[in-house]
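K.L.:
How does the following fold in three dimensions:
(one chain, ligands or ions: 2)
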Amino acid sequence: MTAASRSPKDFFRPLAVGAPTPLREIPARPSRAIHFFDPSNPKMAAKVPDMIGTVDVLLGNLEDAIKADNKVAAREGLVEIATSTANLGGRSGPTQLWTRINSLDSPWALDDLTTLVPAIGDKLDVIMVPKVQGAEDIHYVDRLLAQLEAKAGLDKPILVHAILETARGVANVEEICGASPRMQGLSLGPADLAADRRMKTTRVGGGHPGYLVREDPPRLGGVANLEASRATYQQDLWHYTIARMVDACAMHGIYPYYGPFGDIADTTACEDQFRNAFLLGCVGTWSLHPKQVAIANRVFSPSVEDVAHARRVVAAMGDGTGAVMLDGKMEDDASLKQCLVMVELAEQLAAVDPELKKQYDAIGADADESEA
Ligand SMILES: CC(C)(COP(=O)(O)OP(=O)(O)OC[C@H]1O[C@@H](n2cnc3c(N)ncnc32)[C@H](O)[C@@H]1OP(=O)(O)O)[C@@H](O)C(=O)NCCC(=O)NCCSC(=O)C[C@H](O)C(=O)O
Ligand SMILES: [Mg+2]
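P.N.:
Ligands and ions are numbered 1, 2, ... in the order given. The predicted structure follows:
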């Protein structure tokens, strides 16, 4: 606990008289793709109703990528979309509604919050806060939201998601995650983070061909042949930050996400980056273009084969203690826990994704047949 944080007895108290009681546990709602759209762009806005049910989260973006002249139109557009679109947001229904407000030092952030909470606070599931530097940014948003929620008579607290996109934010990642019971999760902001760190890259997420390791030279009679051609292997620029983010989120019971992959045309590399994040523990990612939604949904849903295997381990482990052999491999309490993560995620996703449910149910039947 830092000097600035609340004592354990006060942590779950509302920060304003009449504000909703903070949640003790952040609900594990499917959020494989957080799909960004510009509410001031009529073409994008027109696509929103048809995306409901096909994407776990729709996020009305008010920050970067929205022209300064369109900031007010984007905010008003989001209010219009939230109020006029059925089945969007509000803690139930197939698709959550999130927004990304402008950064706290910008001329727009205060108006974003004071407009959105009274107008559509009952529809907004999560507010994403960019460029969070430390717990003090979350404390500011936390108190302001409590005051606005109380004034608007909301009965459920709006959750907060921070983007990790400054070196100081990364250094303070644990305190950010634990700064408020509203904290729902963290996303990586690779473009701003690269700039803040003075990395020598120009991309929005993804790898870089120059960030690599090279195999050792072959040796002839103990002498290295430095002229021989040698394989190189591109490395993941984001491994360290994602791993830190995953640990900080897991420690605080909140959810980590990869962020943007800006090379919209390169769907293969996008899928690779998403999968690395999934394997490391992230629950979802951002989607910037409609074609990234299907990639995210596929990657952040456990494969049919993994679910089948996980179910077999769960069945073989009986009461969950001891060790068994399955297909020549040792399974024990620890591998069982990994398999339970997979099985529970599959169940959550099957509850909202009928196509996935069909696939998981089918392997259930196949596994039963092969056991018989
Ligand atoms: C990247 C885009 C600018 C590409 O747009 P466009 O050139 O219009 O693409 P297409 O012609 O392929 O689009 C086909 C149709 O689909 C609509 N469209 C495009 N994108 C979206 C979307 N996100 N949601 C809904 N609909 C979308 C187009 O309007 C076309 O419609 P139609 O003509 O009627 O068929 C664009 O995709 C875009 O702006 N995407 C969002 C970008 C964004 O949000 N950026 C901010 C997040 S990344 C970031 O902030 C960095 C991060 O913080 C960090 O620091 O790392
Ligand atoms: Mg950014």
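K.L.:
Around ligand 1, which positions in the stretch 151-300 of the chain sit nearby?
P.N.:
165, 189-192, 204, 259-260, 264, 288-290 (Cβ under 6 Å from any ligand atom). All C-beta spots, glycine's among them, are computed from the backbone N, C-alpha and C.
K.L.:
Among the residues you listed, name the ones in helices.
P.N.:
Among those, DSSP state H puts 190-192, 290 in helices.
K.L.:
which of those residues lies closest to ligand 2?
P.N.:
residue 192 (3.6 Å; Cβ to the ion).
K.L.:
how about that closest one, what does it touch?
P.N.:
Neighbour list for residue 192: 64, 130-131, 163, 165-166 [criterion: Cβ atoms under 8 Å, 6 or more residues apart in numbering].
K.L.:
List only buried entries from those residues.
P.N.:
130-131, 163, 165-166 (16 or more other Cβ atoms under 10 Å).
K.L.:
Just send the residues you listed back as JSON lines, with distance to ligand 2 and pLDDT too.
P.N.:
Listed next are the buried ones among the contacts of residue 192 as JSON lines, based on distance: Cβ to the ion, whole Å; pLDDT from 0 to 100:
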{"residue": "130", "distance to ligand 2": "6", "pLDDT": "98"}
{"residue": "131", "distance to ligand 2": "7", "pLDDT": "98"}
{"residue": "163", "distance to ligand 2": "6", "pLDDT": "98"}
{"residue": "165", "distance to ligand 2": "5", "pLDDT": "98"}
{"residue": "166", "distance to ligand 2": "9", "pLDDT": "98"}
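K.L.:
Buried subset of the residues of the stretch 151-300 of the chain next to ligand 1, written for ChimeraX?
P.N.:
To isolate in ChimeraX the members of those that are buried, counting by 16+ other Cβ under 10 Å, one can use:
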select :165,189,190,191,192,204,259,260,288,290
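K.L.:
What residue spans form the domains of the protein?
P.N.:
3-208+233-299, 304-371 (automatic domain parsing).
K.L.:
returning to what we had before: just the contacts of residue 192: which are in strands?
P.N.:
Judged by DSSP state E, the subset of those located in strands is residue 163.
K.L.:
Tell me the one of the contacts of residue 192 nearest residue 45?
P.N.:
residue 64 (18.4 Å; Cβ to Cβ).
K.L.:
What sits closest to the closest one if chain neighbours are left out?
P.N.:
residue 130 (7.3 Å; Cβ to Cβ, 6 or more residues apart in numbering).
K.L.:
Over to residue 160?
P.N.:
Excluding its sequence neighbours, the residue lying closest to residue 160 (Cβ to Cβ, 6+ apart) is residue 182, at 4.4 Å.
K.L.:
Please apply the same query to residue 297.
P.N.:
Per Cβ to Cβ, 6+ apart, closest to residue 297 is residue 32, 5.2 Å.
K.L.:
hang on, the one you found packs against residue 292?
P.N.:
No - applying Cβ atoms under 8 Å as the test, residue 32 and residue 292 come out as separate, 10.9 Å apart.
K.L.:
which one of those two has more residues nearby?
P.N.:
residue 32 (27 against 23; other Cβ atoms under 10 Å).
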